[in-house]
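S.K.: Quick check, what structure comes out for this input:
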Amino acid sequence: MTESAVAPRIVGLRFQKMGKLYHFDASPTPDLQIGDYAVVSTSRGRELGQVVSFPEAPVEPPEGGLKPVERRATARELVMRKLWASRELEAMIECRAKAAELGIRGVKIVRAEFSFDGSRLGLIYTSEDEEKVDLKDLRNEMQQIYRRSRVEMRQVGPRDAAKMLGGMGACGLEVRCCSMFLTEFSPVSIKMAKAQGISLNPQEITGMCGRLRCCLVYEYEQYLEARKTMPKRNKRVITPAGEGKVSDVVPLKGTVIVMLEDGTRVEFPNADVQPFDELKALEDKSKGPCRRHDEGGCNCGRGRG
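M.R.: The predicted model follows:
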């Protein structure tokens with residue numbers, strides 16, 4: 001086997017604690033292990049990421065191919081990373097003060113991020129209308145303060161901002177899902193709440209970021225699968241207690257709530273509930289053919305006996 005035919009050793013790196021996973025070619029550094037830190041070249045320059053996985057399944061390379069891992073991070077670089085990280089809060093407060101001095105409204109400085117060697121300072125912000133804001137003057141002011149670093153302004157959406165800020169979730173969790181374990185955001189829609197029978201009151205389905213809650217995605221597929229075998233609301237059904245109309249369904253529990261003829265609501269297992277029309281057709285068939293069956297054009301559905 002030639003050297004070019006050998007598959008590269010792919011490694012998954014993460015640059016933030018709950019950040020997105022990026023893949024690189026670790027062939028030049030075969031001694032890397034999970035938990036190690038490595039230096040790689042990215043679109044933002046050289047960065048230091050932590051090794052979190054060695055994927056066994058094939059990884060689709062980005063356009064231009066996977067970039068190689070330059071080397072394992074040195075002890076000095078790890079110390080530098082901590083030192084620069086300790087200055088991020090100071091830089092964020094300084095940026096907020098400068099924004100106030102310049103009279104900038106509708107913009108919130110969410111976070112400041114130094115690269116591991118301090119060569120770059122990213123000031124992350126969100127705006128109320130989510131449109132691009134001209135912060136050239138603010139960037140210039142910050143560049144005068146942090147001359148050793150190249151200052152960049154980066155805008156993020158409300159979900160990313162909430163992830164960075166952290167805090168208690170709307171459901172009462174001490175740490176929001178996005179800050180605790182979500183590394184990427186999935187698309188969320190109103191139909192997911194409808195499928196799960198959740199109230200469409202904005203206070204019930206909106207997260208602290210002001211967008212639909214991420215947790216609406218968690219059980220959505222299970223609800224869709226469960227509903228496939230269950231009757232829809234307002235359908236006439238036959239139950240062990242008699243005829244009634246479907247008032248509601250509990251998909252994950254596998255039960256149907258039926259309004260009976262006397263007005264009482266009773267919960268039945270889905271297996272004990274039959275569609276009224278289907279049962280009526282079976283009863284008609286059991287009675288044998290009607291008098292018009294042989295004349296043609298009969299729609300009674302009965303067999304010929």
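
S.K.: Map the structural domains onto the sequence of the protein.
M.R.: 8-73, 84-156, 161-220, 229-305 (automatic domain parsing).

S.K.: Can you tell me what sits against stretch 143-152?
M.R.: The contact list for stretch 143-152, computed with CB atoms under 8 Å, 6 or more residues apart in numbering, reads 44, 91, 94, 114-115, 118-123, 139, 142. (Glycine included, C-beta is placed from N, CA and C.)

S.K.: Provide the partner residues of Val256 in its beta bridges.
M.R.: Val249, Phe268 (DSSP bridges).

S.K.: Count the residues that sit near it.
M.R.: 26 (other CB atoms under 10 Å).

S.K.: circling back: please convert the domains of the chain to a markdown table, extending it with mean pLDDT.
M.R.: Formatted as a markdown table, these follow (pLDDT from 0 to 100):
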| stretch | mean pLDDT |
| --- | --- |
| domain 8-73 | 89 |
| domain 84-156 | 93 |
| domain 161-220 | 89 |
| domain 229-305 | 77 |
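
S.K.: circling back: what's the most distant pair in the contacts of stretch 143-152?
M.R.: Arg44 and Glu94 (21.3 Å; CB to CB).

S.K.: Give me the more crowded residue out of these two.
M.R.: Neighbour count, other CB under 10 Å: between Arg44 and Glu94, Glu94 has more, with 18 against 14.

S.K.: how about the more buried one, secondary structure?
M.R.: helix (DSSP: H, G, I helix; E, B strand; the rest coil).

S.K.: Show me which of the contacts of stretch 143-152 are buried.
M.R.: Neighbour-count burial (16 or more other CB atoms under 10 Å) applied to the contacts of stretch 143-152 gives 91, 94, 114-115, 118, 120-123, 139, 142.

S.K.: Return the subset of those lying in strands.
M.R.: 114, 120-123 (DSSP state E).

S.K.: all strands of the stretch 201-305 of the chain, in order?
M.R.: Applying DSSP state E, counting those that start in this stretch to the stretch 201-305 of the chain gives strands spanning 236-239, 242-250, 255-260, 265-269, 274-275.

S.K.: Would you mind listing the outside residues contacting the first one?
M.R.: With contact meaning CB under 8 Å, 6+ apart, strand 236-239 is reached by 231, 243-246, 256, 258, 260, 266, 268, 272-277, 279.

S.K.: what about 6 Å?
M.R.: 231, 245-246, 258, 268, 273-276, 279 (CB atoms under 6 Å, 6 or more residues apart in numbering).

S.K.: can you check the fourth one too?
M.R.: The set of residues that contact strand 265-269 without belonging to it, under CB under 6 Å, 6+ apart, is 239, 241, 247, 255-259.

S.K.: contacting residues for Asp248?
M.R.: Contacts for Asp248 (CB under 6 Å, 6+ apart) come out as Ile257.

S.K.: Neighbours of the nearest residue to Gln33 once chain neighbours are set aside, how many?
M.R.: Distance criterion CB to CB, 6 or more residues apart in numbering; nearest residue to Gln33, sequence neighbours excluded, is Val51 at 6.8 Å. By other CB under 10 Å, 21 other residues sit near Val51.

S.K.: Next, the contact list for Val51, please.
M.R.: Counting by CB under 6 Å, 6+ apart, Val51 has contacts 11, 32, 34, 36.

S.K.: Give me the neighbour count for Ile109.
M.R.: 22.

S.K.: so it is in which element?
M.R.: strand 107-114 (DSSP states H and E).

S.K.: so what does that strand touch, helix or strand wise?
M.R.: Strand 107-114 sits against helix 88-101, strand 120-127, helix 158-165, with contacts defined as 3 or more CB pairs under 6 Å, 6 or more residues apart in numbering; DSSP states H and E.

S.K.: What are the boundaries of the helices in the stretch 1-150 of the chain?
M.R.: Chain-ordered helices for the stretch 1-150 of the chain, with DSSP state H, counting those that start in this stretch as the definition, fall at 75-85, 88-101, 136-145.

S.K.: Just put the ones you listed in TSV and tack on distance to Glu152.
M.R.: Shown next, in TSV, are those (distance: least, CB to CB, whole Å):
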stretch	distance to Glu152
helix 75-85	15
helix 88-101	12
helix 136-145	8
